[in-house]
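Enquirer: coords please:
(one chain, ligands or ions: 2)
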Amino acid sequence: MADTKIQMKTSLVEMDGDEMTRVIWQMIKDILILPFVDLKTEYYDLGLVHREETKDKVTFDSAEATKKYGVAVKCATITPNAARMPEYNLTEMWKSPNGTIRAKLDGTVFRTPIIVKGINPYIPAWKKPITVARHAYGDIYKNTEMSVKRGSKAELVVTDENGNETRELIHDFKGSDGIIQGVHNTDKSISSFARACFNYALDVKESLWFATKDTISKKYDHHFKDIFQEIFDAEYKENFDKAGIEYFYTLIDDAVSRVVRSEGGYIWACKNYDGDVMSDMVATAYGSLGMMSSVLVSPDGVYEYEAAHGTVQRHYYKHLKGERTSTNSVATIWAWTGALRKRGELDEIPELMNFAVKLEKAVIDTLESGIMTGDLYSLSDLADKKSVDTLTFLEEIKTRIV
Ligand code: NAP
Ligand code: MG
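Expert: Ligands and ions are numbered 1, 2, ... in the order given. Below you'll find the predicted structure:
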């Protein structure tokens, strides 16, 4: 088989990760990719052990490499919390690698469910995927918060470059202790978000919905709405018309209600917090987190592919005890096919693009023939279905790559 392997021209950036997904990562490569592709990657180990060893430098290096090569594939990684400090002997609670990479690439995350026969969304109206695009910068994720003592007065103060101050009262805490929060966003980041969404919509030829709470937040949220509209009118309207797709703005409450009643098949752009919450809602409603793919797209066209789920810690602890797990590898496989297809597209290697299509088809054929992991078994309404372990599932896929 060696001499028939597909050759690559440029490397893709490979970011390894943690726990069960790290185990699956190696299996996917060994069983589904290396026998078919002469894989060229620039490897970065983002596993927590190595992040600690490098004081997290490896994460920054991997983001730089992604900018250089243009395409990355990432395994799920642990975001340390208090419990992880003793578990991994950490000297610091290292930041979320995804957060670091998003910030470096100024990227927008698009999450799309993988739909197969037999696994029906909890919302029966949904026939096609709904892609949620999350603005991954600012708002409450870069906030400043304070507790405020009774008798205090809280103000917003902006000092311009000449030292002039503008003040607005937030609240006079006469009668009670309280809390305040300062958040921000930038025109640059909102514009990048808008362009990433419009470009992606044109790429996949689906309409784009955007919603905020602009009726209540007349400056902050309204500014998002204005920036989107200005960029759309000036740069995208014509191409949207040509492609037969639309840009549609509405109030977030109205959007939620329309989404539930829709049949899917569009991109839903969300502010940071809305995207965080709604993407989990949409993922759950489509079935399993194991079937949710994710890609981070920068405004200058850099792509980083990953699964939407985490490191599946509970399964990993079973795996460490020598038990067989039935962990769903589909979203992680989609990260690989996404990255290989994009690499093939950029480097003009049709065989590589074709391999990605064949591998995805083999996965779908496996699932639709009734062979699946435990998470899907409980959801599937196929009459003839079988729950298999992590390794068997991948081997079954391999037999279907033609
Ligand atoms: P998780 O890894 O997404 O898993 C949560 C639960 O969802 C699992 O226990 C499992 O349910 C189910 N699940 C998720 N993915 C699955 C799959 N592929 N196959 C089968 N079942 C799946 O979230 P978590 O356990 O809350 O987080 C674990 C670690 O992941 C944390 O350290 C967190 O920081 C990290 N994380 C990383 C990313 C990322 O790198 N993008 C994203 C989220 C979380 P059952 O146990 O009921 O089977
Ligand atoms: Mg979330």
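Enquirer: what residue lies at the spatial centre of the chain?
Expert: Among the residues of the chain, the smallest C-alpha distance to the mean C-alpha position (Cα atoms, centre = their mean) belongs to S294, namely 3.7 Å.
Enquirer: List the contacts of that one.
Expert: Residues counted as contacts of S294 (Cβ atoms under 8 Å, 6 or more residues apart in numbering) are 109-112, 305-308, 331, 335. C-betas here are computed from N, CA, C, even on glycine.
Enquirer: Pull out whichever of the residues you listed are also neighbours of ligand 2.
Expert: Among the contacts of S294, proximity to ligand 2 is found for none (Cβ under 5 Å from the ion).
Enquirer: Please identify which helix or strand holds E395.
Expert: With elements taken from DSSP states H and E, the one containing E395 is helix 390-399.
Enquirer: what does that helix rub up against?
Expert: The set of residues external to helix 390-399 that reach it, using Cβ under 8 Å, 6+ apart, is 23-24, 27-28, 31-32, 35, 324-329, 333, 359, 362-363, 366, 371-373, 388.
Enquirer: which ones are touching I190?
Expert: For I190, the contact set (Cβ under 8 Å, 6+ apart) comprises 135, 223-224, 227-228.
Enquirer: swap the cut-off to 7 Å and go again
Expert: Taking Cβ atoms under 7 Å, 6 or more residues apart in numbering as the criterion, I190 is in contact with 224, 227.
Enquirer: The one 10 residues further on too?
Expert: Counting by Cβ under 7 Å, 6+ apart, Y200 touches 110, 133, 267, 297.
Enquirer: what's around I180, how many residues?
Expert: 16 (other Cβ atoms under 10 Å).
Enquirer: now it: how far from E155?
Expert: Remark: distance between I180 and E155 (Cβ to Cβ, to the nearest Å) = 10 Å.
Enquirer: ok, back up a step: T91: which of the contacts of Y200 is nearest?
Expert: V297 (33.6 Å; Cβ to Cβ).
Enquirer: Note down every partner strand of whatever helix or strand L296 lives in and its orientation.
Expert: Counting by DSSP H and E, the element that carries L296 is strand 292-297. Sheet pairing for strand 292-297, assigned by DSSP bridges, gives strand 108-113 (antiparallel), strand 303-307 (antiparallel).
Enquirer: And the helices in the stretch 101-250 of the chain?
Expert: For the stretch 101-250 of the chain, the helices defined by DSSP state H, counting those that start in this stretch cover 187-204, 220-231, 237-243.
Enquirer: Which residue, neighbours along the chain excluded, lies closest to the residue in the chain positioned nearest to ligand 1?
Expert: Distance from ligand 1 to each residue of the chain (Cβ to the nearest ligand atom) is smallest for G310, at 2.4 Å. Excluding the flanking residues, the one nearest G310 by Cβ to Cβ, 6 or more residues apart in numbering is A76, at 5.1 Å.
Enquirer: any idea how far N98 is from the one you found?
Expert: When distance is defined by Cβ to Cβ, A76 is 9 Å away from N98.
Enquirer: out of the two, which sits in the more crowded spot?
Expert: Each of A76 and N98 has its neighbours counted (other Cβ under 10 Å); A76 has more, 28 against 21.
Enquirer: Quick check: the gap between that one and A331.
Expert: According to Cβ to Cβ, A76 stands 9 Å off from A331.
Enquirer: sorry, back to before: pull the number of nearby residues for the residue of the chain closest to ligand 1.
Expert: Here the count is done by other Cβ under 10 Å, and G310 has 16 residues near it.
Enquirer: so where does it fall, helix or strand?
Expert: Counting by DSSP H and E, no helix or strand carries G310.
Enquirer: can you list the residues of the protein near ligand 2?
Expert: Contact residues of the chain with respect to ligand 2, defined by Cβ under 5 Å from the ion, are listed as 276, 280.
Enquirer: tell me the domain ranges of the chain?
Expert: According to automatic domain parsing, the chain is divided into the following domains: 1-116+293-402, 120-143+184-286, 144-182.
Enquirer: circling back to that earlier point, and the residue nearest to the centre of the chain, what's its pLDDT?
Expert: pLDDT, the model's per-residue confidence, is 93 for S294.
Enquirer: Please apply the same query to G138.
Expert: The predicted local confidence for G138 is 89.
Enquirer: can you pull the contacts of it?
Expert: Under the criterion of Cβ under 7 Å, 6+ apart, the contact list for G138 reads 183-185, 189, 272.
Enquirer: ok, now with 10 Å
Expert: The contact partners of G138, taken as Cβ atoms under 10 Å, 6 or more residues apart in numbering, are 183-186, 189-190, 193, 271-272.
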